[in-house]
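**Student:** Would you be able to build a 3D model of this:
(one chain, ligands or ions: 4)
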Amino acid sequence: YAKQADGNDVCFFEPDMLAEVEQRFALEQALTQALQQQEFLLVYQPQVTEAGKVLGVEALIRWQHPERGLVSPAYFIPLAEESGQIEAIGRWVLQQACQQLQRWQQTLFADLTIAVNISVRQFYQPDFVDMVAGLLQHYRIAPGLLKLELTESLVLTDLDDAVARMQQLKALGLRFAMDDFGTGYSSLSYLSRLPFDEVKIDQHFVRECRDGHKPKDWVIVDAIIGIANTFGMELVAEGVEYKSQQQLLHASGCYCYQGYLFARPQPVTDFEHWLHQRQL
Ligand code: C2E
Ligand code: MG
Ligand code: MG
Ligand code: MG
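**Tutor:** Numbers count the residues shown, from 1 in each chain. Ligands and ions are numbered 1, 2, ... in the order given. As a prediction, this is how the structure comes out:
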């Protein structure tokens, strides 16, 4: 592996690099088993309006590894992206979400939406649109209840292709949310060129709100809110932990929130219990 071009450029394969490669390999194998062993589960976090109404939930994956314990998606999703395993995992997530929507159909929760995170590689799978269409049909999902969360990086890959795919999926009744908006590299003008139904304000901005004071870069939040309103997109602020953060967002014109202030992401029975209690 060493490169010997001019002597200064030698790259040694350090023992800790080897350990890292071995660890990755082991983790990749574990990921493959995880689906079969049913080690994944979805947890649900509500999106709540200023008036206190719960509009829907975001589904977030959890991996309960028998030895490692709970593994964060922030760690294994990027790995699954690289290895290609995200295609099978992502399909499982969508299938679970659709099944949940179907279960809620006959209940008080019939109008709740479920938002699912979609990663780049998954979105550009050749059969992605067909796969989603199949699930919608199989679980008889009413239009508008399934939402896909995409990030800026996904859109940057190929703007025209992204728009074309989004249009095909919108024709099936899906809705789209731009996730983590405002901290990436894309320009605000992308929002006007892409058929998003909703924009999620990145947690970064919300986290920086302390003691009722807005951070310097709040001007970006105001701009996002202005653009969303101009293009008729809904807004959700992520990572709202304190009432003072909700108040600042509200003052700027954002009326829907997701965060620990309302509820942590929780397994479906806990979420249902939480919502029942609220509605009493
Ligand atoms: P995300 O889509 O931006 O999800 C929001 C993250 O913020 C979640 O982390 C959630 O638990 C966390 N969060 C929610 N409210 C608060 C709060 O008030 N304070 C703080 N500090 N955090 C809050 P989580 O569940 O660890 O997921 C991390 C990321 O992993 C997600 O970010 C998403 O990009 C990815 N991810 C999760 N599930 C899936 C999945 O099923 N498929 C794909 N492709 N990606 C997923
Ligand atoms: Mg998300
Ligand atoms: Mg997010
Ligand atoms: Mg995020």
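
**Student:** now check stretch 27-46, is it near ligand 3?
**Tutor:** No - using C-beta under 5 Å from the ion, we find that stretch 27-46 stays clear of ligand 3, coming within 10.4 Å at best. (Glycine included, C-beta is placed from N, CA and C.)

**Student:** Use 45 as the first number for this chain going forward.
**Tutor:** In the new count, where the first residue is 45, that last one comes out as stretch 71-90.

**Student:** wait, isn't Tyr301 in contact with Val280?
**Tutor:** Yes - using C-beta atoms under 8 Å, Tyr301 is in contact with Val280, at 6.9 Å.

**Student:** Quick check: neighbours shared by these two?
**Tutor:** Gln91 (C-beta atoms under 8 Å, 6 or more residues apart in numbering).

**Student:** So between those two, which is more surrounded?
**Tutor:** Per other C-beta atoms under 10 Å, whichever of Tyr301 and Val280 has more neighbours is Val280, with 27 against 24.

**Student:** hang on, that one in a strand?
**Tutor:** Yes - the assignment for Val280 (DSSP: H, G, I helix; E, B strand; the rest coil) places it in a strand.

**Student:** which residues sit in contact with it?
**Tutor:** So Val280 contacts 91, 221, 242-245, 298, 300-302 (C-beta under 8 Å, 6+ apart).

**Student:** Report whether Val137 is found in a helix, as I expect.
**Tutor:** Yes - Val137 sits within a helix when classified using three-state DSSP.

**Student:** And for it, the neighbour number?
**Tutor:** Per other C-beta under 10 Å, the neighbour tally for Val137 reads 20.

**Student:** on that earlier part again, just to be sure, which of the contacts of Val280 are found in strands?
**Tutor:** Among the contacts of Val280, the members found in strands (DSSP state E) are 91, 221, 242-245, 300-301.

**Student:** Give me the contacts around the worst-scoring helix or strand of the chain on mean pLDDT.
**Tutor:** Ranked by mean pLDDT, DSSP states H and E, the weakest helix or strand in the chain is helix 196-201, scoring a mean of 79. Identification of contacts with helix 196-201 by C-beta under 8 Å, 6+ apart yields 162-164, 167-168, 206, 222, 224-225, 228-230, 234, 238.

**Student:** Of those residues, which pair is most distant in space?
**Tutor:** Tyr168 and Phe225 (20.2 Å; C-beta to C-beta).
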